[in-house]
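Participant: structure, please.
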Amino acid sequence: MLRGIDHLVLCVNDLKKARSVYEALGFTMTPIAQHPFGTGNTLVQMDGCFLEVLAVTQPGDITEADGAHFSFAAFNRDFLKSREGMSMLVLDSTDEVADRSEFLDKGLHVYAPFEFQRLAKQPDGSEHTVGFSLTFISDPSLADLGFFTCKQWRPDLFWKPDYQQHANGALSIDEVFVITPEPSQGAAFLAAFADGVVEDSGTGVLKVKTARGSLGLYTPHAFEARFPGALPQAATTAPCFGGYSINVRDSKTVEELWPAAGLSVQNTAGVRWLHPDQGLGCVIAVKD
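Facilitator: This next block holds a predicted model:
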């Protein structure tokens with residue numbers, strides 16, 4: 001079953017500071033929430049997908065991984081030892097049991113089932129419990145990147161129209177940028193993950209179309225050509241997430257909003273984007 005982008009995990013060192021940065025970018029942020037395993041988050045909700053801005057908030061609650069069990073909190077804690085930025089890609093799910101069976105049939109490395117609950121503050125100030133079932137997978141071609149599917153138990157308590165109205169006109173996630181010296185290897189894994197097909201642009205870029213957004217695999221040279229000076233060469237010798245693009249109602253709104261917030265908007269071949277220094281470790285691009 002073709003899956004779509006559910007959310008992106010964006011790791012930061014200071015959650016309150018990051019929340020202010022994203023608000024300056026014109027995003028409406030959900031209230032800060034706490035996970036039962038040591039991390040906290042604040043979200044950018046859009047149409048069926050979201051950005052999860054995440055930090056380690058209670059390190060004493062982190063459980064370490066073992067061979068069979070993946071540790072979401074430990075993975076992101078360790079990611080932050082080297083940098084801020086995007087650490088994980090999450091696709092949507094309606095059936096975690098079916099996901100697991102499909103991934104095993106495809107020969108993917110699948111970890112033990114995982115589920116959890118947390119409180120979610122509603123726009124009226126009340127709090128309700130939401131829950132999630134996660135299926136973690138990994139692949140040697142993109143060894144330091146995190147991947148899982150996410151099924152929501154109570155989407156009616158999670159998705160709120162009040163949280164989906166953004167001053168910058170954000171609508172949805174358009175593309176995730178994956179930088180890797182060997183795009184073909186990573187593309188095979190991502191196509192199996194999304195149950196999608198690989199498209200070759202012939203310019204050092206492969207794309208996997210999902211039910212919501214696309215996954216772009218760029219050679220370091222191709223990424224540099226699209227986003228000049230975004231990342232130093234040393235940062236792209238091993239596979240990494242370079243950032244993402246957002247569909248917006250009108251990029252002119254961003255062109256006015258971001259400079260007013262003291263941000264420098266880059267324009268490369270008509271693509272408007274922010275340098276990772278201003279995007280908390282991520283290239284953030286916009287698309288009409």
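Participant: and the closest residue to residue 282 other than its chain neighbours, bridged to which residues?
Facilitator: Taking C-beta to C-beta, 6 or more residues apart in numbering, and ignoring the residues beside it in sequence, residue 282 has residue 243 as its nearest neighbour in space, at 3.6 Å. Where C-beta positions appear, they are placed from N, C-alpha and C, glycine not excepted. Per DSSP bridges, the residues bridged to residue 243 are residue 177, residue 283.
Participant: correct me, but residue 243 touches residue 280?
Facilitator: No: proximity of residue 243 to residue 280 does not meet the contact threshold set by C-beta atoms under 8 Å, at 9.8 Å.
Participant: re the thing from before, ok, the residue nearest to residue 282 - contacts?
Facilitator: By C-beta atoms under 8 Å, 6 or more residues apart in numbering, the contact list for residue 243 reads 85, 86, 177, 227, 230, 276, 279, 282, 283, 284, 285.
Participant: now do the shared contacts for residue 243 and residue 280.
Facilitator: Listed as contacting both residue 243 and residue 280 by C-beta under 8 Å, 6+ apart are residue 85.
Participant: those helices in the stretch 1-150 of the chain, which residues are they?
Facilitator: With helices called from DSSP state H, counting those that start in this stretch, the stretch 1-150 of the chain shows them at 15-24, 72-79, 96-105.
Participant: just name the most buried of those helices.
Facilitator: Among the helices of the stretch 1-150 of the chain, the stretch with the highest mean neighbour count (mean count of other C-beta atoms under 10 Å) is helix 72-79, at a mean of 20.
Participant: so how far is that one off the chain centroid?
Facilitator: Remark: helix 72-79 is offset 14 Å from the chain centroid, using C-alpha atoms, centre = their mean, to the nearest Å.
Participant: which other helices and strands does that helix contact?
Facilitator: If contacts are counted by 3 or more C-beta pairs under 8 Å, 6 or more residues apart in numbering; DSSP states H and E, helix 72-79 sits against strand 5-11, strand 39-45, strand 50-56, strand 85-92, strand 146-152.
Participant: contacting residues around the last one?
Facilitator: What it means is strand 146-152. When contacts are defined by C-beta under 8 Å, 6+ apart, strand 146-152 is touched by residues 3, 6-7, 9, 70, 72, 75-76, 79, 87-96, 99, 130-139, 158, 193.
Participant: follow-up on the earlier one: need the contacts of residue 243 in JSON lines (columns: distance to residue 267).
Facilitator: Conversion of those to JSON lines gives the following (distance: C-beta to C-beta, whole Å):
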{"residue": "85", "distance to residue 267": "22"}
{"residue": "86", "distance to residue 267": "22"}
{"residue": "177", "distance to residue 267": "17"}
{"residue": "227", "distance to residue 267": "11"}
{"residue": "230", "distance to residue 267": "13"}
{"residue": "276", "distance to residue 267": "16"}
{"residue": "279", "distance to residue 267": "15"}
{"residue": "282", "distance to residue 267": "18"}
{"residue": "283", "distance to residue 267": "13"}
{"residue": "284", "distance to residue 267": "14"}
{"residue": "285", "distance to residue 267": "10"}
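Participant: among those, who's most crowded?
Facilitator: Counting by other C-beta atoms under 10 Å, residue 86 has the largest number of neighbours within the contacts of residue 243, with 28 neighbours.
Participant: contact partners for it?
Facilitator: For residue 86, the contacting residues are 8, 9, 10, 11, 176, 241, 242, 243, 244, 281, 282, taking C-beta under 8 Å, 6+ apart as the criterion.
Participant: if you set the cut-off to 10 Å instead, what comes out?
Facilitator: Listed by C-beta atoms under 10 Å, 6 or more residues apart in numbering, the contact partners of residue 86 are 8-11, 51, 79, 145-146, 176-178, 240-244, 276, 279-283.
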